[in-house]
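Engineer: Just a sequence and a predicted model for now, questions to come.
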Amino acid sequence: MKRRTFLQTTAATTTAISTGSFASGSIQAQTEQKLVIGYPTAFGFLSTLRSRSEQIAGVNIEWQSFGNTGPMIEAHNSGAIDLTENGDSLAITLFSNGADFKVIATTESQPKAAGLIVQKDLAARSFPDLVGKKIIFLQGTNLHVLFLNLLKKYNLNSKDFVHVNLGGPDARSAFAAGAGDAIMTVDPALASVEVTTGGRLLLDGSNGLVENPYVYTATGKALREKEAALRLVVPKLREAITWAALNREQQADYLFTSKILPFPKEAILRGYGRSAKKLVSITPELLSAEQKIADVLFEAGIAKKPVDVNQLYDLRFNKQVTG
């Protein structure tokens, strides 16, 4: 079927794509389930799935793009979008605040895809050299966990730094304008900051500082009413991530030429080169690791209440994840 016309809105760019293929239009109307997918334009793999414009028989996908995390969270919480992606830490934080969604899939760890960049003329050579400096990152995210683990590693206190709570394009613009000494973000936005500002990557999430997986969350209503559609989309997401790992140049071409991501091709290529290569099953071992993160977020006062990750993660889609 032909891709429908792009619909531009101020909050998000919405593209409705009819992705079923049936002999009869009446049969198609009865069979397809509409699924609204919100994808961030600063990180993640839903944008790669979007760029491939694959047909998924039985699903009518409406795509919405979000430059900032805040509006995407609001849309997800309100039920305006059925499925989206975020870092595992933010999913835990939002769930502790009462968000009605569950994690149905997750990437493998990607610690090198999260990092801290300093201004090119700053002499800092290690994290303690940033004491007293302004660090830009979004509270409650995987970057916040990275920050907490750095504090622990170097026996420092959050009051030793000036935290500028920004994310997305606002954070990148602030750093580019010199409003921060350092910025913490994730790829490919991380690589874009390197490429466009000349900033220097001081550290990443390696050596146990942050695992930084991306998780895919579906609203409670979508899980109740659109489970069949979700089961059809998850394998396509798995295939898109695996394909991207083997075709980085082509992935970068798709995302750059389509303008789905607002970054230079060099940054897209570099950023995804440091990113996950596959989805992984939700296992007891993974849940144990996520529970530790949930406990850290609660102890730090980021999560409003304790989270039992067994209530957050939904194992019903493991078969679709593994194929």
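Structural biologist: Thanks, I have it. Computed from a prediction, not measured in an experiment: that's the story for all the values here.
Engineer: Please identify which helix or strand holds F147.
Structural biologist: helix 142-154 (DSSP states H and E).
Engineer: which parts of that helix are buried?
Structural biologist: Neighbour counts using 16 or more other CB atoms under 10 Å place N142, L143, H144, V145, L146, F147, L148, N149, L150, L151 of helix 142-154 among the buried residues. Glycine gets a C-beta too; all of them are placed from N, C-alpha and C.
Engineer: Output these in JSON lines; the columns should cover distance to K304.
Structural biologist: Output for these, formatted as JSON lines (distance: CB to CB, whole Å):
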{"residue": "N142", "distance to K304": "18"}
{"residue": "L143", "distance to K304": "19"}
{"residue": "H144", "distance to K304": "14"}
{"residue": "V145", "distance to K304": "16"}
{"residue": "L146", "distance to K304": "21"}
{"residue": "F147", "distance to K304": "19"}
{"residue": "L148", "distance to K304": "17"}
{"residue": "N149", "distance to K304": "21"}
{"residue": "L150", "distance to K304": "23"}
{"residue": "L151", "distance to K304": "21"}
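Engineer: could you dump those to JSON lines with pLDDT and distance to L286?
Structural biologist: Output for those, formatted as JSON lines (pLDDT from 0 to 100; distance: CB to CB, whole Å):
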{"residue": "N142", "pLDDT": "97", "distance to L286": "15"}
{"residue": "L143", "pLDDT": "97", "distance to L286": "21"}
{"residue": "H144", "pLDDT": "97", "distance to L286": "20"}
{"residue": "V145", "pLDDT": "97", "distance to L286": "16"}
{"residue": "L146", "pLDDT": "98", "distance to L286": "19"}
{"residue": "F147", "pLDDT": "98", "distance to L286": "23"}
{"residue": "L148", "pLDDT": "97", "distance to L286": "20"}
{"residue": "N149", "pLDDT": "97", "distance to L286": "18"}
{"residue": "L150", "pLDDT": "98", "distance to L286": "23"}
{"residue": "L151", "pLDDT": "98", "distance to L286": "25"}
